[in-house]
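>>> I need the structure of the sequence given here:
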Amino acid sequence: MSINKKISLESIKDLRSKTGAGMTDCKKALEASSGDIEIAIENLRKKGLATADKKSGRLAAEGLIESYIHAGSRIGVLLEINCETDFVARQPQFQQLAKDITMQIAACQSVQYVSKQDIPDSFIEYEKQIELQKDDLISKPAEIKSKIAQGRVEKRLKELSLMDQVFIKEQSITIEELVKQHISLLGENIKIRRFERFLLGEGIESKNKDFTTEVSDMINSK
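So this is what the prediction gives:
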């Protein structure tokens, strides 16, 4: 991790132990407060990030299935989002979170996975090999080529990951940070388990083309 000269790793760890917030969030909070840990704690609490990570390992088996149909009924989303108790699942804040996330999924056509951790290793390796073979990297030294390819792949993975998307209703935070805020607000672990996006007519054109090709091949073979 690259640490700002004014912010020590020890300070970041100290803030993390006191708040339970993620290392990156702690680093940003300390930088914003010029190293003042008390102000950093206050800022993390205001953002709802303090103590969120401490709850992230707890079992979340309750929750709800939320749906969203975009205007015109051409895009639909189904989402399963979990919390620890039925009580929290009935809270307006939790239900609004579910609605916001379904709208986010509808708006982000590139998103295919909940998080980068859900992306198969085989896909990541395939993307890396594609990048390594691109014309603009062929003549570069192996080490530089690898770093550039890795950076491009990382960017691609973020595009596919819901948790890495910037929240469309509040551009200063990601979906991951939005979820953490609600973990702190509601006092329970919250997990986005799975989702499915439906696009009207998706796949029909390619199936028709396959059928047309199949018929053409049959005619030509006679």
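>>> I69 and L78 touch, don't they?
No: with contact defined as Cβ atoms under 8 Å, I69 does not reach L78; the gap is 10.2 Å. To be clear about C-beta, it is placed using only N, CA and C from the backbone, and glycine gets the same treatment.
>>> So which residues of the protein form strands?
Counting by DSSP state E, residue ranges of the strands within the chain are 62-69, 75-83, 191-199.
>>> Show me this protein divided up by domain.
Under automatic domain parsing, the residue ranges defining each domain of the chain are 9-50, 61-119+161-201, 120-159.
>>> Format the ones you listed as TSV; extra columns: mean pLDDT.
Shown next, in TSV, are the domains of the chain (pLDDT from 0 to 100):
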stretch	mean pLDDT
domain 9-50	80
domain 61-119+161-201	93
domain 120-159	84
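>>> okay if I get the ones you listed as a markdown table plus mean neighbour count?
Converted to a markdown table, the domains of the chain look like this (neighbours: other Cβ atoms under 10 Å):
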| stretch | mean neighbour count |
| --- | --- |
| domain 9-50 | 18 |
| domain 61-119+161-201 | 17 |
| domain 120-159 | 13 |
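>>> Just give me the residue closest to the centre of this structure.
The central residue of the chain, meaning the one whose C-alpha is nearest the mean C-alpha position (Cα atoms, centre = their mean), is M163 at 1.5 Å.
>>> can you pull the contacts of D25?
Under the criterion of Cβ atoms under 8 Å, 6 or more residues apart in numbering, the contact list for D25 reads 44, 47, 49, 177, 180.
>>> about what we covered before: pretty sure the residue nearest to the centre of the chain is touching K180, no?
No: using Cβ under 8 Å, M163 makes no contact with K180, being 10.1 Å away.
>>> related to what we said a few turns ago, compare the strands of the chain and report which one is nearest to K28.
Counting by Cβ to Cβ, K28 lies closest to strand 191-199 out of these; the figure is 22.8 Å.
>>> which stretches of the chain form helices?
9-19, 23-32, 37-47, 52-55, 86-89, 92-107, 121-132, 142-160, 175-186, 204-221 (DSSP state H).
>>> now those in JSON lines, with distance to F198?
JSON lines is the format used below for those (distance: least, Cβ to Cβ, whole Å):
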{"stretch": "helix 9-19", "distance to F198": "40"}
{"stretch": "helix 23-32", "distance to F198": "34"}
{"stretch": "helix 37-47", "distance to F198": "34"}
{"stretch": "helix 52-55", "distance to F198": "31"}
{"stretch": "helix 86-89", "distance to F198": "24"}
{"stretch": "helix 92-107", "distance to F198": "10"}
{"stretch": "helix 121-132", "distance to F198": "22"}
{"stretch": "helix 142-160", "distance to F198": "18"}
{"stretch": "helix 175-186", "distance to F198": "20"}
{"stretch": "helix 204-221", "distance to F198": "13"}
